[in-house]
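Engineer: I would like the atomic coordinates for the input below:
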Amino acid sequence: MSTDVFHNAPFLENQLMFKNANVLVTGGAGFVGVNLIKRLLDLGAVVTATLHDKAPVLTDDRIRYLRADLRHQEDCATVVQGADYVFMCAANTSGAAVMTKSPLTHLTPNVLMNVSMLDAAYHAGVKKFLFISSNVVYPLTDHPVKEDEVTNEFYETYFISAWMKRFTEVVCEMYATKIAKPMKVCVVRPANIYGEFDDFEWETSHVIPALIRKVVERQDPLVVWGNGNDLKEFIYVQDFIDGMLLAMEKQESFDPINIALGKPCTVREVLQSLLKIDGYDNANVVYDLTKPSMIPKRLIDVSKAKGQLGFQASTSIHDGLAKTVHWYRSTLS
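Structural biologist: Residues are numbered from 1 along each chain as shown. Next comes the predicted model:
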């Protein structure tokens, strides 16, 4: 068994729940999906994973891959047959550039996928369904946001993607609480996730993988979008997987929960750590204020995850960045 299973102490309770269980992971070639599949295999789960237009990232005979377009209900009905648990990791995602120029990219495909998968899972008798929401559903605040602080008022740049996530949360609540025979549905709201198997493509990457690539490639000048003072919450992907599995195990009623490190840092601080980790001592850093940046401040309260799940992220931002840089360099070699 991989030592990854012992990443977080409370996580050990999940072993019995997932051993020999039929688990469907949508988005099986995506960032979160790949890391989740690796962990589920370590736990002895019987894993089915969906693929759309990407090739499999993991080559393992224990994974049953199914090609599907989850915007279509008939495909959703096919892939979910026999599943005990569903992790909805499939999503149409992008970075700041796409979100600014083409925000509708996040709307229709994601709404169709999310609603169709919920419907298919319900009719297939799935025991529990987990939806990965986002911290963009919260308003702009100066304090760490708690789960009950959703006001349906969003930071303007996030308006469309936030409503997409929020709408899906409400649909999840319908299936979980508003019908005669409900389905158990978990909703997690993560901080900005980073780590191994992240998206490093320029057009679609988020801030950390974009910065890692610029540092590793020794770009000169090294251009950072915005002023670098945005205060963000990040979480290393292995910690997020821990929290997600604990939520699936312990959340028996509809109760959205934040999964974050709880120690915010600025983009400048992230960059300084990366420069130190990778030994780029003489970097010529230029902050481009003409480029789009995102929410200027996001603080996340993690007390519910600690109290209800026994979850506390164990990887510091520096350690998580070091692991990610090491992984990225190893893929290049």
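Engineer: Residues touching the top helix by length along the chain, excluding its own?
Structural biologist: The residue-count maximum for a helix in the chain (DSSP state H) belongs to helix 159-177. Applying Cβ atoms under 8 Å, 6 or more residues apart in numbering, the contact partners of helix 159-177 are 99, 103-104, 106-107, 110-111, 114-115, 118, 122, 129, 131, 133-134, 136-137, 150, 152, 154-155, 182-185, 187, 253-254, 256. Every C-beta, even on glycine, is put in place using the N, C-alpha and C of the backbone.
Engineer: For ChimeraX, write a command that selects the buried ones of those.
Structural biologist: Selection of buried members from the contacts of helix 159-177 for ChimeraX, criterion 16 or more other Cβ atoms under 10 Å:
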select :99,103,106,110,111,114,115,118,122,129,131,133,134,136,137,150,154,155,183,184,185,187,254,256
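Engineer: Show me the contacts of helix 159-177 that map onto strands.
Structural biologist: Using DSSP state E, the members of the contacts of helix 159-177 that fall in strands are F129, F131, K184, V185, V187.
Engineer: ok, the nearest residue to V237 once chain neighbours are set aside - how many residues close by?
Structural biologist: Closest residue to V237 apart from its sequence neighbours, by Cβ to Cβ, 6 or more residues apart in numbering: G195 at 3.1 Å. When counting by other Cβ atoms under 10 Å, one arrives at 24 neighbours for G195.
Engineer: Closest to G307 out of the ones in strands among the contacts of helix 159-177?
Structural biologist: Nearest to G307 among those is V187, at 17.0 Å by Cβ to Cβ.
Engineer: what about the nearest residue to that closest one once chain neighbours are set aside, distance to M113?
Structural biologist: Spatial nearest neighbour of V187, chain neighbours left out: P256 (4.1 Å); criterion: Cβ to Cβ, 6+ apart. Counting by Cβ to Cβ, to the nearest Å, the separation of P256 from M113 is 19 Å.
Engineer: Check K178 too.
Structural biologist: Taken as Cβ to Cβ, the span from K178 to M113 is 21 Å.
Engineer: neighbour count winner among these two?
Structural biologist: Using other Cβ under 10 Å, the more surrounded residue of K178 and M113 is M113, with 26 against 11.
Engineer: In helices, which of the contacts of helix 159-177 fall?
Structural biologist: If you go by DSSP H, those have M99, N110, V111, N114, V115, L118, Y122 in helices.
Engineer: Just the closest of those residues to A29, please.
Structural biologist: If you rank the ones in helices among the contacts of helix 159-177 by distance to A29 using Cβ to Cβ, N110 comes first, at 16.7 Å.
Engineer: The closest one is in contact with N92, isn't it?
Structural biologist: Yes: counting by Cβ atoms under 8 Å, N92 is a contact partner of N110 at 5.4 Å.
Engineer: which residues are common contacts for those two?
Structural biologist: With Cβ under 8 Å, 6+ apart, N110 and N92 have no common neighbours.
Engineer: what separates the nearest residue to M88 once chain neighbours are set aside from P109, distance-wise?
Structural biologist: Residue nearest to M88 in three dimensions, not counting chain neighbours: F131, with 4.9 Å by Cβ to Cβ, 6+ apart. Using Cβ to Cβ, F131 is found at 15 Å from P109.
Engineer: what comes up buried for the longest helix of the chain?
Structural biologist: Using 16+ other Cβ under 10 Å as the burial criterion, the residues of helix 159-177 that qualify are 160-169, 171-173, 175-176.
Engineer: Which of these sits closest to D199?
Structural biologist: S161 (15.8 Å).
Engineer: ok, the closest one to S134 distance?
Structural biologist: Between S161 and S134 the computed distance is 7 Å (Cβ to Cβ).
Engineer: Please apply the same query to V237.
Structural biologist: Computed as Cβ to Cβ, the V237 to S134 distance reads 15 Å.
Engineer: With V25 instead?
Structural biologist: 19 Å.
Engineer: What of A120?
Structural biologist: Distance check for A120 against S134: by Cβ to Cβ, it reads 22 Å.
Engineer: and what of I63?
Structural biologist: 27 Å.
Engineer: Check D84 too.
Structural biologist: Going from D84 to S134 by Cβ to Cβ gives 26 Å.
Engineer: what does V187 give?
Structural biologist: Relative to S134, and taking Cβ to Cβ, V187 is found at 10 Å.
Engineer: Any stretches of this protein with poor pLDDT?
Structural biologist: Counting by pLDDT under 70, the chain shows low-confidence ranges at 1-15, 94-102.
Engineer: Helix or strand: which one has the residue of it positioned farthest from its centre?
Structural biologist: What lies farthest from the middle of the chain is N282; by Cα atoms, centre = their mean that is 33.1 Å. Under the criterion of DSSP states H and E, N282 resides outside all helices and strands.
Engineer: correct me, but V224 touches A283?
Structural biologist: No: using Cβ under 8 Å as the test, V224 is too far from A283 to be in contact (10.4 Å).
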